[in-house]
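S.K.: sequence first, then the predicted structure, then my questions.
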Amino acid sequence: MCREGVCGACTVHIDGQPTVSCLVPIGTVGDREIRTVESLAAGGELSPLQQVMEEHDVVQCGMCFPGILMVLTSFLHERPHADRDEIKAALVGNICRCTGYERVVDAAAALARRS
Amino acid sequence: MNLPRRDARDKLLGRTRYTVDRALPRMLHAAILRSEVASARIVRIDTADARQMPGVRAIATIEDAPGMHGIGIADHPLFSSGVVRFHGEQIAAVAADTYEQAKAAARAIEVELEPLPAVLTMAEALAPARR
């Protein structure tokens, strides 16, 4: 991760809002709720987004993926029927060196079509 | 052929531990001093002050790692060798007790550079009398 808020890999939800955690000093968080990628698989079951990513064999090295999952989880919650262009726009803050993004978008679009 | 990655699930769950996630007792941390210019002759590298700084265990430069290296073809040195060939080329490496100490020591390494013209296009690189 870049440690300067550019790559998006460190994205978490702070009070439900996707935020680059590398730019948030922990002392400023106070009582706000922080959710990380580990929270997505409630009760040991992959979330629908995690499942579709597994089905489409999207993950490669995995470094960017927590950030991508947190951004898409929030985005698809707000825009469950998003199209490819909207999904690409939502991912503008997440840099991936491995996948070339297309499979990420394919999988997210497949999930959006299913909803 | 369908060969799904066997490590994908752990990566999706956030369980995968990368080397940066691992910390062992007494392990050292590294910082690299990188060139801020694209092309230069290295006049002098002075690590004397840096070596005295807190926590510093070792500093390496081209003298410590001579020769050419590479995967498949050994075509580049591990550190800048006599000249800097690209912006960001590694000039020295520091190993210290903490990452902050390593970074501070890297900043304390004195490097004197004499700027050289940068070769930025393929045509320039192919022109006669270029390195």
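M.R.: Received it, and whenever you're ready, just let me know what you need.

S.K.: do stretch A:42-49 and chain B come into contact?
M.R.: Yes - counting by C-beta under 8 Å from any C-beta of the partner chain, contacts between stretch A:42-49 and chain B involve residue A:46. C-betas here are computed from N, CA, C, even on glycine.

S.K.: residues in contact with that stretch: which ones?
M.R.: Stretch A:42-49 is contacted by residues A:40-41, A:54, A:69, A:72-73, A:76, A:108, A:111, A:114, B:9, B:12-13 when judged by C-beta atoms under 8 Å, 6 or more residues apart in numbering or on different chains.

S.K.: tell me the span between the first and last residue of that stretch.
M.R.: Stretch A:42-49 stretches 12 Å from its first residue to its last (C-alpha to C-alpha, to the nearest Å).

S.K.: contact partners for the closest residue to chain B within chain A?
M.R.: Nearest residue of chain A to chain B: residue A:62, at 3.2 Å (C-beta to the nearest C-beta). Shown in contact with residue A:62 (C-beta under 8 Å, 6+ apart): B:7, B:8, B:11, B:12, B:16.

S.K.: now stretch B:124-131: average pLDDT?
M.R.: The average pLDDT within stretch B:124-131 is 77.

S.K.: what's the farthest-apart pair in the contacts of stretch A:42-49?
M.R.: The span of these, defined through C-beta to C-beta, is set by A:114 and B:13 at 21.3 Å.

S.K.: the two: who's more crowded?
M.R.: Each of residue A:114 and residue B:13 has its neighbours counted (other C-beta atoms under 10 Å in any protein chain shown); residue B:13 has more, 19 against 10.

S.K.: measure the more buried one to chain A for me?
M.R.: 6 Å (C-beta to the nearest C-beta, to the nearest Å).

S.K.: please name the nearest non-neighbouring residue to that residue.
M.R.: Of all residues not flanking residue B:13 in the chain, residue A:41 sits nearest, at 5.6 Å (C-beta to C-beta, 6 or more residues apart in numbering or on different chains).

S.K.: what residues are up against that neighbour?
M.R.: Here residue A:41 is in contact with A:47, A:50, B:12, B:13 (C-beta under 8 Å, 6+ apart).

S.K.: give the buried subset of these as a ChimeraX selection command.
M.R.: Buried residues within these, by 16 or more other C-beta atoms under 10 Å in any protein chain shown, are selected in ChimeraX with:
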select /A:47,50 /B:12,13
